[in-house]
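> Sequence plus predicted model, see below.
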Amino acid sequence: MQRNSPLTYGIVKQVYRAYGKLAFLSTLPVLSKPSVLICVNNLPLLASPSNCSDWLINICRRKKELKARTVWLGCPEKCEEKYPKNAIKNQKYNVFTFIPGVLYEQFKFFLNLYFLVVSCSQFVPALKIGYLYTYWAPLGFVLTVTVVREAVDEFRRYKRDKEMNSQLYSKSYWTFDWNSLFFFSYLKIYLISLSPQNQRIPSDMVFLRTSEKTGSCFIRTDQLDGETDWKLKVAVSCTQRLPALGDLFSINAYVYAQKPQLDIHSFEGTFTREDSDPAVHESLSIENTLWASTVVASGTVIGVVIYTGKETRSVMNTSNPKNKVGLLDLELNQLTKALFLALVALSVVMVTLQGFVGPWYRNLFRFLLLFSYIIPISLRVNLDMGKAAYGWMIMKDDNIPGTVVRTSTIPEELGRLVYLLTDKTGTLTQNEMIFKRLHLGTVSYGTDTMDEIQSHIINSYSQPSAPKVRKSVSSRIHEAVKAIALCHNVTPVYESRAGVSGETEYAEVDQDFSDENRTYQASSPDEVALVQWTESVGLTLVNRDLTSMQLKTPDGHILTYYILQIFPFTSESKRMGIIVRDESSGEITFYMKGADVAMSTIVQYNDWLEEECGNMAREGLRTLVVAKKSLTEEQYQDFESRYNQAKLSIHDRNLKVAAVVESLEREMELLCLTGVEDQLQADVRPTLEMLRNAGIKIWMLTGDKLETATCIAKSSHLVSRTQDIHIFRPVTTRGEAHLELNAFRRKHDCALVISGDSLEVCLKYYEHEFVELACQCPAVVCCRCSPTQKAHIVKLLQHHTGKRTCAIGDGGNDVSMIQAADCGIGIEGKAVFSSVFYFASVPLYQGFLMVGYATIYTMFPVFSLVLDQDVKPEMALLYPELYKDLTKGRSLSFKTFLIWVLISIYQGGILMYGALLLFESEFVHVVAISFTALILTELLMVALTIRTWHWLMVVAEFLSLGCYVASLAFLNEYFDVAFITTVTFLWKVSAITVVSCLPLYIIKYLKRKFSPPSYSKLTS
């Protein structure tokens, strides 16, 4: 007979109960901006989705080969090749592929395909066993909901694409007209584009000209590579030296660019001007490029477009998205297959009992259809409704206002997470540096004693100091602050008063040089924080160009220093230096600052540096050691000649240059130790601690430098204070990787920090061994990761562990990682769902009874279980360890599945044989008898599974019962009203219902008394 199986509730509780425990995930304040639950298909991506239709098209269409190109300045007639449009397209479907694509995604799962086959079989007269609408109405409802949901999501993607592709940019062809505007999507290879400050670069360009006098500008690349440091870009010298902008279109010149490639850190090309005598040939490198998705941070830049659309670096580093499927959907698919095998076995038994007489194969198929309700369509209905309900709850949660659910197909994944992979910049940190500590060896100054430093600086510049044998504290502070104010790559910028348009941009415009109008630009936020601090204590950087810089003292005097040499910071040297000459005294001084590991062997012997660096690191501060060395004129001239000679070397140039610089880096005078803090997002530390207690392993994947990533891992408590950190040494060969892995294997309970290059080598030769070791670590930090590497790490975890992953990020460089994870959270600006199993054997209940049973008679009580909670959200936040039970998935294992199957058989037997026993004389009314008992059992079984009652649950129970009683009045075809209103009928139906349900209530009571769940003590 047909009934609503208790198996329903086993699956329901796997997801509905999770809301209570999982609520804390949605309330954790890990993000300062609203978080967005996203699936890869709905994230604003720059890659075209891969679906069935696209796959067929790609099979038929050969992929276009990427080629190098020659781009003439402003001459479209010389461009022979056709290049891709610059339009962003994130839509999954088009007009022709929408319906086929949606249907394919639905019916590629066994559960949905089974429902489709059963429904289609009813068009065959020999197999028809019921009314068509009993099969097609529920299936049509599910498909309609799915199509509408996909259509809404697709329309939202279309609107986002249209908004992005409609952004206006200035352009010019061979005629000089900067007022010509064009849409983002219509940008062509041969166009020259103008991008003012704070505007996103629309495509990959070669940097031709800038409004900055230095011929260079800064760009922000955090949306491309995740690095917070601003990058210094240099315009092509030939075009920067042109007298006027219009000359760009009067010269005969072209750019040769290599074929598009993935590497965002390298570029090879040439700039050639043919109309000069001799012809100008200038090599182009990465410093002459402006990649798409970066933002102009200073001045206005003009560039010639070389790559557009899918050939840009940002798009090529964005992997193709996949359609995400929740773990519960996969588990249900497996259980559905198990039920189908049972259904086939039962049908074979029935045909065997008939002796295989007549057209037995037709009878076999009819039995399959008769037993088809063992896998009911209402499972799909409640599944989709439960997901939609939890998506709505997430968006309406007061603890996470502003959250937008981009897709409602995978909210249950929040209840099964084991690995959380997070970006650093903008996700864990605010990327705001604050100067916190200055240590001079014998005295330390913090934020509360900075006024003492300011008074020392004022005194040192107001009173000429007499030479002393031993330096005073005031003179040491003066030297330290002056070193910090000079040793950097920071440029002060003043906003123009005049509006910027056309030629006026390059004219001399009035500028406001007041302190209020000054901003600092640099390749590192650390350096800006240091220079801002020197300004706060009285020594202000007011001007800088390629050859000099000027400092303003507290009394208003201007000090000029000539820049003789600059040695930029590199990840290998871990330090930067500068040689300056004081204009007033002519003294030459070599200043250097860097990481303690690099500077400890350079400075003179001391007994405090290592200890204080450790103390600051434990506080989560980023430390820099500052030192100096005075040079005589003869020493500098000797160095300069050797340095210039090394730079002209053809072989081993870098090694020879480094050797010359290192000759100066000896016995330097240690001036001070600085500590800068990178501001963390609100409540990051308790949030990460809570997630760790919940059994979630956290990996930080960042494009930033190793030192920065390590510091943030400590300050955010991603790595606890009691844990050691193993920094994986740089490896380039298989042998080096083998040795380093052996060294790492000997460490226990140790966090791992590894760079992207070393990771690539390890994965190439020892993928399985590395992932196995890394998964044993309490925390892992991967630095200098490219976007594709981030996605690769996610896929490795999924492949080697089989666990569910979640990726969280805020930038374009995080897209690949987010789309590869099982669950993605993107920062823009609790839940788990439910499913229901209904058991049915033969079509005893025809027509409206079947449709009504699958909808209004049973829908409300089952759906009301979304409100059930085993523990309150506050309790889940207090005891995050409860989350570990969810990740084990015990509520939907094959063991619990079989238990619910046995309960179903027991209750089905009681309902049927009870009706036969008590109503033997009235068996003609067996439909009314058994169906009434079935409805009552359904309501009681829902009540049995509820842990925390909500008033809407009570309403749902009585509403369903009321709907059934009211429908009896017009269902004369199935019910005899005179019969079902007798007292005998009522008490016998009640008896059957009690016998089917009471033992289960008793078992539940005994189990909770003698084997209570882990959370029961907390609730009591």
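Okay, I see it.

> Mind listing what's buried along the biggest helix by length in the chain?
Under DSSP state H, the helix in the chain containing the largest number of residues is helix 132-165. Judged by neighbour count (16 or more other CB atoms under 10 Å), helix 132-165 contains these buried residues: 134-139, 141-143, 146, 149-150, 153-154, 157, 160-161, 164-165. All C-beta atoms are positioned from the backbone trio N, CA, C, and that covers glycine.

> Give me the average confidence score over that helix.
Across helix 132-165, the average pLDDT comes to 79.

> Which secondary structure elements does that helix sit against?
Judged by 3 or more CB pairs under 8 Å, 6 or more residues apart in numbering; DSSP states H and E, the packing partners of helix 132-165 are helix 98-107, helix 110-121, helix 378-396, helix 848-854.

> Leu703 is in contact with Arg784, isn't it?
Just to correct that, residue 703 is Gly rather than Leu. Yes: proximity of Gly703 to Arg784 meets the contact threshold set by CB atoms under 8 Å, at 6.4 Å.

> quick one: least confident helix or strand in this protein?
Among the helical and strand segments of the chain, the one scoring lowest on mean pLDDT, DSSP states H and E is strand 35-38, with a mean of 28.

> Now Arg685: closest residue in space, sequence neighbours ignored.
His717 (4.6 Å; CB to CB, 6 or more residues apart in numbering).

> just Thr702 next, same as before
Using CB to CB, 6+ apart, the nearest residue to Thr702 is Lys424, at 3.9 Å.

> what about stretch 678-690, how long is it end to end?
End-to-end distance of stretch 678-690 (CA to CA, to the nearest Å): 22 Å.

> please begin residue numbering at 262 from this point
Let's use 262 as the start, then, which means that last one is stretch 939-951.

> and that stretch, what's its mean pLDDT?
The model assigns stretch 939-951 a mean pLDDT of 84.

> May I see the buried residues of it?
Buried-residue list, stretch 939-951, by 16+ other CB under 10 Å: Asp939, Leu941, Gln942, Val945, Arg946, Thr948, Leu949, Met951.

> again, but for stretch 1218-1234
Neighbour count says stretch 1218-1234 has Glu1218, Leu1220, Ser1221, Leu1222, Cys1224, Tyr1225, Ser1228, Leu1229, Leu1232 buried, by 16+ other CB under 10 Å.

> cool, and stretch 864-878?
For stretch 864-878, by 16+ other CB under 10 Å, it's Val864, Leu870, Glu873, Cys874, Asn876, Met877, Ala878.

> Hmm, Glu930 and the first one touching each other?
Yes: applying CB under 8 Å as the test, Val864 and Glu930 come out as touching, 7.3 Å apart.

> what's the overlap in contacts for the two?
Common contact partners of Val864 and Glu930 (CB atoms under 8 Å, 6 or more residues apart in numbering): Ala888.

> What strand or helix carries Asp1146?
Here Asp1146 sits within helix 1144-1149, counting by DSSP states H and E.

> Which elements pack onto that helix?
helix 279-288.

> Go through the buried residues of stretch 939-951 and flag which are in helices.
Using DSSP H, the buried residues of stretch 939-951 in helices are Val945, Arg946, Thr948, Leu949, Met951.

> wait, what's in contact with the residue nearest to Thr963?
Contacts of Lys685 (CB under 8 Å, 6+ apart): Gly487, Met961, Thr963, Asp965, Thr969, Ala970, Ile973.

> buried sites along the helix holding Asp1146?
By neighbour count on 16+ other CB under 10 Å, the buried set for helix 1144-1149 is Tyr1144, Asp1146, Leu1147, Thr1148.

> Show the low-confidence segments of the stretch 1062-1211 of the chain, by residue range.
1072-1074, 1089-1119, 1150-1152, 1180-1188 (pLDDT under 70).

> where exactly do the helices run in it?
1076-1081, 1109-1115, 1120-1124, 1134-1139, 1144-1149, 1155-1179, 1187-1206 (DSSP state H, counting those that start in this stretch).

> hey, C-alpha coordinates of the shortest one in CSV?
So the one you mean is helix 1120-1124. C-alpha atoms of helix 1120-1124 as CSV (Å, rounded to 0.1, in the frame of the first residue of the first chain):
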residue,chain,number,x,y,z
MET,A,1120,3.4,19.2,2.4
PHE,A,1121,2.9,21.7,5.2
PRO,A,1122,4.0,19.5,8.2
VAL,A,1123,7.1,18.2,6.4
PHE,A,1124,8.0,21.6,5.1
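
> Against which helices or strands is it packed?
Counting by 3+ CB pairs under 8 Å, 6+ apart, helix 1120-1124 packs on helix 639-657, helix 1187-1206, helix 1212-1228.

> before we move on, the earlier item: right, and out of the buried residues of stretch 864-878, which lies closest to Met711?
Met877 (16.2 Å; CB to CB).

> got CSV for the helices and strands packed on helix 1120-1124, with distance to Asp787 too?
Below are the helices and strands packed on helix 1120-1124 laid out as CSV (distance: least, CB to CB, whole Å):
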stretch, distance to Asp787
helix 639-657, 37
helix 1187-1206, 56
helix 1212-1228, 54
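
> Indicate which one of those is closest to Ala387.
helix 1187-1206 (25.4 Å).

> Alpha carbons of that closest one, as PDB, please.
Extracted C-alpha coordinates of helix 1187-1206, given in PDB (Å, rounded to 0.1, in the frame of the first residue of the first chain):
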ATOM      1  CA  VAL A1187     -10.400  -0.100   2.400                       C
ATOM      2  CA  VAL A1188      -9.300   3.000   0.600                       C
ATOM      3  CA  ALA A1189     -11.000   5.300   3.100                       C
ATOM      4  CA  ILE A1190      -9.700   3.200   6.000                       C
ATOM      5  CA  SER A1191      -6.100   2.900   5.100                       C
ATOM      6  CA  PHE A1192      -5.800   6.400   3.600                       C
ATOM      7  CA  THR A1193      -7.200   8.000   6.800                       C
ATOM      8  CA  ALA A1194      -4.800   6.000   8.900                       C
ATOM      9  CA  LEU A1195      -2.000   7.000   6.600                       C
ATOM     10  CA  ILE A1196      -2.600  10.700   6.900                       C
ATOM     11  CA  LEU A1197      -2.800  10.400  10.700                       C
ATOM     12  CA  THR A1198       0.500   8.400  10.800                       C
ATOM     13  CA  GLU A1199       2.100  11.000   8.600                       C
ATOM     14  CA  LEU A1200       1.200  13.800  11.000                       C
ATOM     15  CA  LEU A1201       2.300  11.800  14.000                       C
ATOM     16  CA  MET A1202       5.700  10.900  12.400                       C
ATOM     17  CA  VAL A1203       6.400  14.500  11.700                       C
ATOM     18  CA  ALA A1204       5.700  15.300  15.300                       C
ATOM     19  CA  LEU A1205       8.000  12.400  16.400                       C
ATOM     20  CA  THR A1206      11.000  13.900  14.600                       C
END
